[in-house]
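Trainee: predicted model and sequence below, questions to follow.
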Amino acid sequence: MKTNHLRETSKKFRAVKVRAFFIQEDVYFGHPVNTIKFYPIEEHIETKLSQESTIQHEALEEEYNRGLHKEDTLVPPTYNENTISTRFENFKSLRPMVTLKAPSLGVVRPSANESSVMNESAVFSITSEVESVGKR
Amino acid sequence: MIFSVSGLTRSRSRVISENFENEITKFGVASNAAMIIASGNIHDIGVIRSTNTEISRLLGYSIHEIIGQNISRILPKVLADLHDDLMKRYFDTSQNSVLGFERLVFPVDCNGYLVPCLLMVKILPTLEEGVQCIGFMKDYEYTHDRFELGIDEGVKPHFIMFGKGGVIHGITYNIRQEFGVPASLCWGNNNFHTDFTIDVVFPELNIDNMDALKSKNGAVVTFDTTKIPTDFVINKTEEEEEFGYE
């Protein structure tokens, strides 16, 4: 901890471009006393950038608060026992059940080893199979 | 003709009264100006008779620390040595170069750093205390720089005071904070060596860019403190300590 602090302190000794102004040039009883004022230019830019990022961050926060942010769906759920089980129940209830009605064989349900999520082509293949069975 | 003269008189008096109102707004009781009353009498010239609590905020001294001390206590060493003579010269000759108008000055805080302040000095003669000088000191404002130079709000300027041979007499605390330069390197703060000069930190500063420095837009030069840890002895405790500045 101490070492880090010292390293940070030693970083202060550096060379930067500054905008300097000669502001006072006085002579008191033959003793000149001059004063220079300066603004570091690079740090000025850094300050501007950090201010911009702060503004952007604040804008994002506002969006979140209003529920407008696009990545809302990516917010991870809070994982506790109840939430997981509830989500699982919801998942089960939302599981797509493919029900096909064949004219000769009645209701055909997908078997357990078939994918629960069926796309159109899968539906088509089952239907065509049922039709072919009916013809036989 | 008479009308125009009286009109001129009226407008002049209005200007004077407006200036007076501005002064009251800036340095009056309602402002946060530090007030210092120093003696102008020959036997105790420059001794601080009274002050207010704003001096603690500006310079970090408590009131009892500076009452009874000479005003040179809060000045850079180069000016502290001359201040009594400057006051005496005024009382001897009445040549006024500082009284009655606002100017930028650099008193020294309790840790030896310059503090840019606006100062207004007036003479306050009383029957009991004799001649006294009253100084109103308040924070230097950066509004002019913000608008003229496009400096962001909150970005404060750094100041370096130097004298004969480029010897540095004082720096502001933000130079210590941001560039690591301690006030003890300056002439008159714990040492009187003359190695710490303006060309150590401003290697590009020379007679050629002096005109640019004096211009309205200033000059872009390099401020370099990388030689300081190798060329000067800096106390480690001094390097680490942080003061409770704003």
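Mentor: Yes, it's here.
Trainee: and the pLDDT at residue 127?
Mentor: Picking chain A for this. A:T127 is assigned a pLDDT of 57 by the prediction.
Trainee: sorry, should have said chain B
Mentor: 87.
Trainee: residues near it, how many?
Mentor: B:L127 has 5 neighbours, counted by other Cβ atoms under 10 Å in any protein chain shown. Using the backbone N, CA and C atoms, a C-beta is placed for each residue, glycine as well.
Trainee: list phi and psi for it.
Mentor: Torsion angles at B:L127 (phi, psi; degrees, to the nearest 10) stand at phi -70, psi -40.
Trainee: for A:V33, same thing?
Mentor: Residue torsions, per degrees, to the nearest 10, at A:V33 are phi -130, psi 110.
Trainee: once you drop chain neighbours, what's closest to it?
Mentor: A:D26 (4.8 Å; Cβ to Cβ, 6 or more residues apart in numbering or on different chains).
Trainee: for the one you found, which three-state class applies?
Mentor: strand (DSSP: H, G, I helix; E, B strand; the rest coil).
Trainee: count of neighbours near the closest residue to B:F196 other than its chain neighbours?
Mentor: By the measure of Cβ to Cβ, 6+ apart, the closest residue to B:F196 outside its immediate chain neighbours is B:L185, 4.5 Å from it. Using other Cβ under 10 Å, B:L185 is surrounded by 23 other residues.
Trainee: rewinding a little: ok, the residue nearest to A:V33 touching B:P76?
Mentor: No: when contacts are counted by Cβ atoms under 8 Å, A:D26 is not listed as touching B:P76 (11.9 Å).
Trainee: for A:F124, give me the pLDDT.
Mentor: A:F124 is assigned 54 on the pLDDT scale.
Trainee: how far away from the center of its chain is stretch B:227-238?
Mentor: Centre-to-centre, stretch B:227-238 and its host chain are 26 Å apart (Cα atoms, centre = their mean, to the nearest Å).
Trainee: which residues are in contact with the residue nearest to B:F196?
Mentor: B:168, B:191, B:196, B:228, B:232, B:234 (Cβ atoms under 8 Å, 6 or more residues apart in numbering or on different chains).
Trainee: what does A:V18 give?
Mentor: A:38-41, B:158, B:220-223.
Trainee: check which helix or strand it maps to.
Mentor: For A:V18, the host element (DSSP states H and E) is strand A:15-28.
Trainee: just the CA atoms of that strand, as PDB, please.
Mentor: Output of strand A:15-28 as PDB, limited to C-alpha atoms (Å, rounded to 0.1, in the frame of the first residue of the first chain):
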ATOM      1  CA  ALA A  15       6.500  17.400 -18.200                       C
ATOM      2  CA  VAL A  16       3.400  18.900 -19.700                       C
ATOM      3  CA  LYS A  17       2.600  21.600 -22.200                       C
ATOM      4  CA  VAL A  18       1.100  24.600 -20.500                       C
ATOM      5  CA  ARG A  19      -0.300  27.900 -21.600                       C
ATOM      6  CA  ALA A  20       1.600  30.500 -19.600                       C
ATOM      7  CA  PHE A  21       1.100  34.200 -19.000                       C
ATOM      8  CA  PHE A  22       3.400  36.800 -17.600                       C
ATOM      9  CA  ILE A  23       1.100  38.600 -15.200                       C
ATOM     10  CA  GLN A  24       3.200  40.800 -12.900                       C
ATOM     11  CA  GLU A  25       6.500  42.500 -13.200                       C
ATOM     12  CA  ASP A  26       7.200  44.600 -10.200                       C
ATOM     13  CA  VAL A  27      10.400  46.100  -8.800                       C
ATOM     14  CA  TYR A  28      10.700  46.900  -5.100                       C
END
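Trainee: let's see the pLDDT reported for the residue in chain B that chain A sits nearest to.
Mentor: Closest approach of chain B to chain A (Cβ to the nearest Cβ) occurs at B:G180, with a separation of 3.3 Å. Looking at B:G180, its pLDDT is 88.
Trainee: domains in chain B, by residue range?
Mentor: B:32-139, B:158-240 (automatic domain parsing).
Trainee: ok now the first one, how far from the chain's centre?
Mentor: Read it as domain B:32-139. 11 Å.
Trainee: spell out whether it and chain A are in contact.
Mentor: Yes: residues of domain B:32-139 are located near chain A by Cβ under 8 Å from any Cβ of the partner chain, namely B:78-79, B:82, B:85-86, B:104, B:106.
Trainee: got a quick ChimeraX command for the buried subset of those residues?
Mentor: To isolate the buried ones among these in ChimeraX, judged by 16 or more other Cβ atoms under 10 Å in any protein chain shown, type:
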select /B:78,79,82,106
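Trainee: tally of neighbours for the residue of chain B closest to chain A?
Mentor: Neighbours around B:G180, by other Cβ under 10 Å: 19.
Trainee: the residue of chain A found nearest chain B: how many residues sit nearby?
Mentor: Residue of chain A nearest chain B, by Cβ to the nearest Cβ: A:K12 (3.3 Å). Burial of A:K12 is recorded as 17 neighbouring residues (other Cβ under 10 Å).
Trainee: so where do the strands sit in chain B?
Mentor: For chain B, the strands defined by DSSP state E occupy B:34-39, B:48-51, B:103-105, B:117-126, B:130-139, B:158-162, B:168-171, B:219-224.
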